[in-house]
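[1] structure of the sequence below:
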Amino acid sequence: MKLTTLGFTTYFEEQMIEMKKQPKLKNCVPARVTLEHKHSYRVLAEEGEWLATIAGHYAYTSLAREDYPAVGDWVLVEKMPGEERAIIHQLFQRKSVFSRKVAGQEIQEQIVASNVDIVLLVMSLNADFNIRRMERYLVAAWDSGAKPVIVLTKADLCEDVASLVQEVETVAFGVDIFVTSALFGEGLMEIQALFQEGVTGALLGSSGAGKSTLTNALCGEMLMKVAGIREDDAKGRHTTTHRELVMLPTGGCLIDTPGMRELQLWDQGDSLASSFQDIEELATACRYRDCTHQTEPYCAVQQAIIDGDLDQYRLQSYFKLQRELAYIERKTNAQAKLEEQRKWKQITKGLKKRNK
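    This next block holds a predicted model:
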């Protein structure tokens, strides 16, 4: 297995050169995380595939969940002599990361996939089609650092594909859209062409969108378990229960992820403008610079709704995501202060022990 096939570029090679200047890392080798278990990882290196655990010093210096490896990450590992096990000593800086807020009330980042070149946003063309959900995924995708690509699946279950594609085009500016049908093999060759050697993609979408079926089709074998959809609401059952990186016959890598009924955003305010550039452009024509696009006179955004050039539900979605991101920002700023206090408390405690 060549490292370049796994996606090891000069970006990571330059980091490795610097890391290996440390004597303790001299005998370590780079490996990619393909699977995350509860207390361990499956990593793939040039020499083989091993089960790996975090080194004690690594765990001690890691303060937040994002400091730990995720599927798609590159790590420096030390192979245990005579065993199919390794110790993870250091995490490479990520070139891209797709994150979301963890489910529930807790304000924490969950890394869904890292070091991906393409984010495949998968949505089915059946009754589960939801343009507002796609807007949410696009905001997160633009912020990841990877290229978003939309994959519309189950075309064989849709009577008017063209109208739904047109609807997606109104919210996906400059994003490639592929229509697929696993039943008839439609669109699969075009997606396969995206995965040249060293290219990594991540599949993201709700349960039942067809991610695992797409993975199996791209791999040419049944790697992922698949299940049907519920007939009453066309929603899917969870079949993928973990994130996993798999190698494709073309030489690329693909990360399949569990379905997400709702993607809660994480600190993606800068990308809101990219996803809603139609509203942002209209806003430049508003009379007042601080226009909220609600009740102010001479609001170009509200005028566009009156003229039929902008869907009022799209504006409501824009407001909703704005509020959500503002809330996350307030909470994370408060948490950052607490983390900083905790860090200095640990440093002070360590200094006191040394001086005794």
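[2] show me where pLDDT drops low in this protein?
    Across the chain, residues meeting the criterion (pLDDT under 70) sit at 100-109, 221-241, 258-271, 327-356.
[3] tell me how it divides into domains.
    As recorded under automatic domain parsing, the domains making up the chain are 10-91, 97-256, 269-340.
[4] so which of these is nearest residue 4?
    Of all the domains of the chain, it is domain 97-256 that lies closest to residue 4, at 5.3 Å by CB to CB. Quick note: C-beta positions are derived from backbone N, CA and C, even for glycine.
[5] so what's the gap between that closest one and the chain middle?
    In terms of CA atoms, centre = their mean, to the nearest Å, the gap separating the centre of domain 97-256 from the centre of its chain is 11 Å.
[6] so residue 157 sits against residue 126, correct?
    Yes: counting by CB atoms under 8 Å, residue 126 is a contact partner of residue 157 at 4.6 Å.
[7] the more surrounded of those two?
    residue 126 (20 against 15; other CB atoms under 10 Å).
[8] where's the more buried one relative to residue 220, distance?
    25 Å (CB to CB, to the nearest Å).
[9] what about stretch 242-254, start to end distance?
    13 Å (CA to CA, to the nearest Å).
[10] just the buried residues of that stretch, please?
    243, 244, 245, 246, 247, 248, 250, 251, 252, 253, 254 (16 or more other CB atoms under 10 Å).
[11] save those residues as a markdown table, and put in secondary structure too.
    Converted to a markdown table, these look like this (DSSP: H, G, I helix; E, B strand; the rest coil):
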| residue | secondary structure |
| --- | --- |
| 243 | coil |
| 244 | strand |
| 245 | strand |
| 246 | strand |
| 247 | strand |
| 248 | coil |
| 250 | coil |
| 251 | coil |
| 252 | coil |
| 253 | strand |
| 254 | strand |
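[12] of those, closest to residue 50?
    residue 245 (14.4 Å).
[13] against residue 256, how distant is the closest one?
    According to CB to CB, residue 245 and residue 256 sit 8 Å apart.
[14] do the same with residue 187
    For residue 187, the distance to residue 256 - CB to CB - is 18 Å.
[15] between those two, who's got more neighbours?
    A count of neighbours by other CB under 10 Å puts residue 256 above the other of residue 187 and residue 256, at 27 against 20.
[16] identify the bridge partners of that one.
    Applying DSSP bridges to residue 256 yields these beta-bridge partners: residue 203, residue 244.
[17] quick check: it vs residue 288, distance?
    When residue 256 is compared with residue 288 (using CB to CB), they lie 47 Å apart.
[18] again, but for residue 321
    Relative to residue 288, and taking CB to CB, residue 321 is found at 22 Å.
[19] look at those two and report which has more neighbours.
    residue 321 (21 against 10).
[20] ok, that one - contacts?
    135, 136, 139, 265, 272 (CB atoms under 8 Å, 6 or more residues apart in numbering).
[21] now the spatially most central residue of the chain. Nearest residue, chain neighbours left out?
    In the chain, the C-alpha nearest the mean C-alpha coordinate belongs to residue 98, at 2.6 Å (CA atoms, centre = their mean). Spatial nearest neighbour of residue 98, chain neighbours left out: residue 144 (4.2 Å); criterion: CB to CB, 6 or more residues apart in numbering.
[22] of the domains of the chain, which stretch is the most buried?
    Per residue and on average, the most neighbours among those fall to domain 97-256, with a mean of 19 (mean count of other CB atoms under 10 Å).
[23] quick one: end-to-end distance for that domain.
    Start-to-end, domain 97-256 (CA to CA) is 15 Å.
[24] ok, now stretch 152-162?
    Terminal-residue distance, stretch 152-162 (CA to CA): 11 Å.
[25] before we move on, what about stretch 124-131?
    11 Å.
[26] same check on stretch 167-178?
    14 Å.
[27] who's in contact with stretch 177-188?
    125, 149-156, 161, 165, 168-169, 190-191, 210, 213-214, 217-218.
[28] hmm, try it at 6 Å
    Contact partners of stretch 177-188, identified using CB atoms under 6 Å, 6 or more residues apart in numbering, comprise 150, 151, 152, 153, 155, 156, 168, 190, 191, 213, 217.
[29] what's the farthest-apart pair in those?
    Most distant of the contacts of stretch 177-188, by CB to CB, are 168 and 217, 21.0 Å apart.
[30] for the residue nearest to the centre of the chain, what is the enclosing helix or strand?
    According to DSSP states H and E, residue 98 maps onto strand 97-101.
[31] remind me what the next helix or strand after that strand packs against, helices and strands.
    The helix or strand immediately downstream of strand 97-101 is strand 109-114, counting by DSSP H and E. Applying 3 or more CB pairs under 6 Å, 6 or more residues apart in numbering; DSSP states H and E, we find strand 109-114 packed against strand 97-101.
[32] how about a cut-off of 8 Å?
    If contacts are counted by 3 or more CB pairs under 8 Å, 6 or more residues apart in numbering; DSSP states H and E, strand 109-114 sits against strand 97-101, strand 200-205.
[33] right, so of those strands, which gets closest to residue 10?
    strand 200-205 (15.4 Å).
[34] what's the very next helix or strand once past the closest one packed up against?
    The helix or strand immediately downstream of strand 200-205 is helix 211-219, counting by DSSP H and E. Other elements packing on helix 211-219 under the criterion 3+ CB pairs under 8 Å, 6+ apart are strand 118-124, strand 147-153, helix 188-192, strand 200-205, strand 253-256.
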